[in-house]
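Undergrad: The amino acid sequence is not available; the structure is as follows:
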């Protein structure tokens, strides 16, 4: 699935001018040619990847997080086990909602650059280091003041204790098998019905899966509008590059490994204003000018030949499910 006729996966190289220009090709031209060959070789030796979207991989258990991965804002600081309810208890289900650009808790850009969306480049490690576990958290009480200031708090359903207990078991299973977070939805274009290459696996998808499960268990949702923030990347057909071992291991492709690390370098967190502005220019150069993006999905690396409009944040309505017609494919 090498992308013939497209710029190769080198983060900073440019496409050569053609065979007749080879005798006077500048150093960056040679670098671009080498990186294109690296991607072509990876695609030729990799497995066939024609199933779109690529299925999200689930695991048999959740591993312990690496001590290196310390969130700026502590995840689930007051978490507790999900309680067992009496079957005839009556429980109200509220929806807490705020668009990404309205949600004022913490540094949004710092979360995007420093969380599980991009890796850490640790000098003592050859491969990028990912702190990309994502998980559900249960804690008692609702921070009413916080949500009144930053979003909305709306009653969407009333369920029994029996439904709640069954949902709690499902949440535990979902939490243990879906272990990593994925920010991006990657599609061929912004047009309706466009091919989807990769689906996101983020907070909104967890909410949608939970609504679907509650509907399957018999919950009756109110007819209210529910909206979700989604972040899209747009690209041609992705090229499979390999996993951490095949790319960054002792016998890996050093040229490709260097290109991937160069691409991720500008996304490092905790930058000064000057460093941040420089990083934005580098990101613009890679994604918009050279139309290149490296995606880490299912613990494997993919090259995305970016297309206009490149990236888009949407805030779209997805209706609540009901007992006779539930959402699918989440």
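TA: That came through, no problem. Note that the coordinates shown come from a computational prediction; the quantities given were computed from them, not determined experimentally.
Undergrad: use CA for all of it now, contacts and neighbours both
TA: Fine.
Undergrad: Grab the nearest non-local neighbour of residue 235.
TA: Closest residue in space to residue 235, ignoring its immediate chain neighbours: residue 306 at 4.1 Å, by CA to CA, 6 or more residues apart in numbering.
Undergrad: tell me the contacts of residue 266?
TA: By CA atoms under 8 Å, 6 or more residues apart in numbering, the residues touching residue 266 are 279-280, 282-283.
Undergrad: just the buried members of these?
TA: Neighbour counting by 16 or more other CA atoms under 10 Å classes 279, 282-283 among these as buried.
Undergrad: From these, which one has the minimum pLDDT?
TA: Within the buried ones among the contacts of residue 266, pLDDT reaches its minimum at residue 279, with 81.
Undergrad: my guess is it is in a strand, correct?
TA: No. Judged by DSSP: H, G, I helix; E, B strand; the rest coil, residue 279 forms no part of a strand; its state is helix.
Undergrad: one step back: model confidence over the helix or strand containing the residue nearest to residue 235, on average?
TA: Using DSSP states H and E, residue 306 sits in strand 300-317. Strand 300-317 comes out with an average pLDDT of 93.
Undergrad: Direction included, what does the one helix or strand residue 96 maps to pair against?
TA: Counting by DSSP H and E, the element that carries residue 96 is strand 90-97. If you go by DSSP bridges, strand 90-97 pairs up with strand 152-160 (antiparallel).
Undergrad: Which residues does the strand it pairs with contact?
TA: So strand 152-160 is contacted by 87-98, 147, 219-222, 224 (CA under 8 Å, 6+ apart).
Undergrad: repeat that for 7 Å
TA: Residues outside strand 152-160 that contact it (CA atoms under 7 Å, 6 or more residues apart in numbering): 87-98, 147, 219-222.
Undergrad: How about stretch 162-173?
TA: 82, 84-88, 214, 217.
Undergrad: Where does pLDDT dip in the stretch 1-150 of the chain?
TA: 1-49, 71-75, 77-78, 98-115, 146 (pLDDT under 70).
Undergrad: returning to what we had before: tabulate the buried ones among the contacts of residue 266 in CSV, adding columns for distance to residue 161.
TA: Compiled in CSV, these are given as follows (distance: CA to CA, whole Å):
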residue, distance to residue 161
279, 51
282, 53
283, 49
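Undergrad: ok, the residues you listed vs residue 246, which is closest?
TA: residue 283 (25.7 Å; CA to CA).
Undergrad: Who are the contact partners of that closest one?
TA: So residue 283 contacts residue 266 (CA under 7 Å, 6+ apart).
Undergrad: got the contacts of residue 266 as JSON lines, with distance to residue 202 columns?
TA: Formatted as JSON lines, these follow (distance: CA to CA, whole Å):
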{"residue": "279", "distance to residue 202": "25"}
{"residue": "280", "distance to residue 202": "24"}
{"residue": "282", "distance to residue 202": "26"}
{"residue": "283", "distance to residue 202": "23"}
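Undergrad: one step back: make CSV out of the contacts of stretch 162-173 and add secondary structure, distance to residue 125 and neighbour count.
TA: Formatted as CSV, the contacts of stretch 162-173 follow (DSSP: H, G, I helix; E, B strand; the rest coil; distance: CA to CA, whole Å; neighbours: other CA atoms under 10 Å):
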residue, secondary structure, distance to residue 125, neighbour count
82, coil, 38, 16
84, coil, 44, 12
85, coil, 47, 15
86, coil, 51, 12
87, coil, 52, 12
88, coil, 54, 11
214, helix, 44, 24
217, helix, 47, 16
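Undergrad: now those as JSON lines including distance to residue 116?
TA: Below are those laid out as JSON lines (distance: CA to CA, whole Å):
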{"residue": "82", "distance to residue 116": "25"}
{"residue": "84", "distance to residue 116": "32"}
{"residue": "85", "distance to residue 116": "34"}
{"residue": "86", "distance to residue 116": "38"}
{"residue": "87", "distance to residue 116": "38"}
{"residue": "88", "distance to residue 116": "40"}
{"residue": "214", "distance to residue 116": "28"}
{"residue": "217", "distance to residue 116": "32"}
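Undergrad: where along the stretch 101-250 of the chain do the helices fall?
TA: Taking DSSP state H, counting those that start in this stretch to define them, one finds helices in the stretch 101-250 of the chain at 108-114, 144-150, 161-177, 203-217, 244-248.
Undergrad: buried residues in the second one?
TA: Right, helix 144-150. Buried, per 16+ other CA under 10 Å, within helix 144-150: 147, 150.
Undergrad: before we move on, what about the last one?
TA: Applying a neighbour-count criterion of 16+ other CA under 10 Å, one finds 244, 246-248 buried in helix 244-248.
Undergrad: Tell me which other helices or strands it touches.
TA: helix 254-264 (3 or more CA pairs under 7 Å, 6 or more residues apart in numbering; DSSP states H and E).
Undergrad: hey, least reliable of the helices of the stretch 101-250 of the chain by pLDDT?
TA: Looking at these, the lowest mean pLDDT belongs to helix 108-114 (a mean of 45).
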